[in-house]
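[1] only geometry, no sequence info:
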């Protein structure tokens, strides 16, 4: 089977509430409205996603290292909505990944919303409380065996996009530092409250 466009959806923030992953300068920029950041989980390995596909740690570790080169060169752009294309269209760019790393079984990241038409739409949607999903886009083939779909070693990560209808449960994200209760389960609200207590007691 040849390569196909693989798109996966994940939550940038655990339970819809972002953790404090910004520097002090980034926090000041957010507070003043100069810049707009989002953070959280962007992909997972060794875990079946909403599409039933499983990515190995080896593959995602390699792709994160390759993608980090784009991050350092400030070329890690993504789009608003998911095009059926393997190329990032600059005219539709809405955000730029400024950091990406592996943490436990997750690929974590930090995104800066751009001052572009699509970026302004993205920021307006988040400010209005719209739940948005984060989605990885890449090229690769898969192997199906015994009810499992495994992503093969030829996978190549292209970018991360924002979408309105994620296929993974609770695959929504929010702006860094903003509390949202819309759509959160009781467990998520409890987790948020505990996180708030822990942050205040640091």
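    Happy to help now that I have it. Predicted model, so just to flag it, every value in this text is computed and none were measured.
[2] close enough to count as contact, residue 93 and residue 112?
    No: in this structure residue 93 lies outside contact range of residue 112 using Cβ atoms under 8 Å: 11.3 Å. Placement of C-beta: from N, CA and C, glycine included.
[3] so how far is residue 82 from the residue lying farthest from the centre of the chain?
    Distance to the chain centre peaks in the chain at residue 146, reaching 29.5 Å (criterion: Cα atoms, centre = their mean). Computed as Cβ to Cβ, to the nearest Å, the residue 146 to residue 82 distance reads 30 Å.
[4] over to residue 42?
    14 Å.
[5] and the pLDDT at residue 193?
    Residue 193 carries a pLDDT value of 49.
[6] same thing with residue 125?
    85.
[7] am I right that it is in a helix?
    Yes: according to DSSP: H, G, I helix; E, B strand; the rest coil, residue 125 belongs to a helix.
[8] now it. Nearest residue, chain neighbours left out?
    With Cβ to Cβ, 6 or more residues apart in numbering as the criterion, residue 125 has its nearest non-adjacent residue at 6.4 Å, and that residue is residue 132.
[9] list the beta-bridge partners for that neighbour.
    Counting by DSSP bridges, residue 132 forms beta bridges with residue 173.
[10] quick one: residues in contact with the helix or strand hosting residue 144.
    With secondary structure defined by DSSP states H and E, residue 144 is part of strand 142-145. Contacts to strand 142-145, defined as Cβ atoms under 8 Å, 6 or more residues apart in numbering, come from residues 1, 4, 6, 53, 149, 150, 151, 152.
[11] sec struct for residue 7, please.
    Strictly by three-state DSSP, residue 7 counts as strand.
[12] contacts only, for it.
    Contacts of residue 7 by Cβ under 8 Å, 6+ apart are 51, 82, 135, 136, 137, 138, 161.
[13] let's see 7 Å
    82, 135, 136, 137 (Cβ atoms under 7 Å, 6 or more residues apart in numbering).
[14] surely the first one touches residue 135?
    Yes: taking contacts as Cβ atoms under 7 Å, residue 82 lies within contact range of residue 135: 5.9 Å.
[15] between those two, who's got more neighbours?
    Ranked by neighbour count (other Cβ atoms under 10 Å), residue 82 and residue 135 place residue 135 first, with 25 against 18.
[16] residue 133 against residue 125, yeah?
    No: with contact defined as Cβ under 7 Å, residue 133 does not count as touching residue 125 (11.8 Å).
[17] touching the longest strand belonging to the chain from outside, list them.
    Identified as the longest strand of the chain according to DSSP state E is strand 93-103. If you take Cβ under 7 Å, 6+ apart as the criterion, strand 93-103 is touched by 61, 64, 67-68, 71, 74, 76-80, 107-114, 116, 118-119, 122, 160, 162.
[18] tell me the spacing between the residue nearest to residue 125 and residue 72.
    When residue 132 is compared with residue 72 (using Cβ to Cβ), they lie 26 Å apart.
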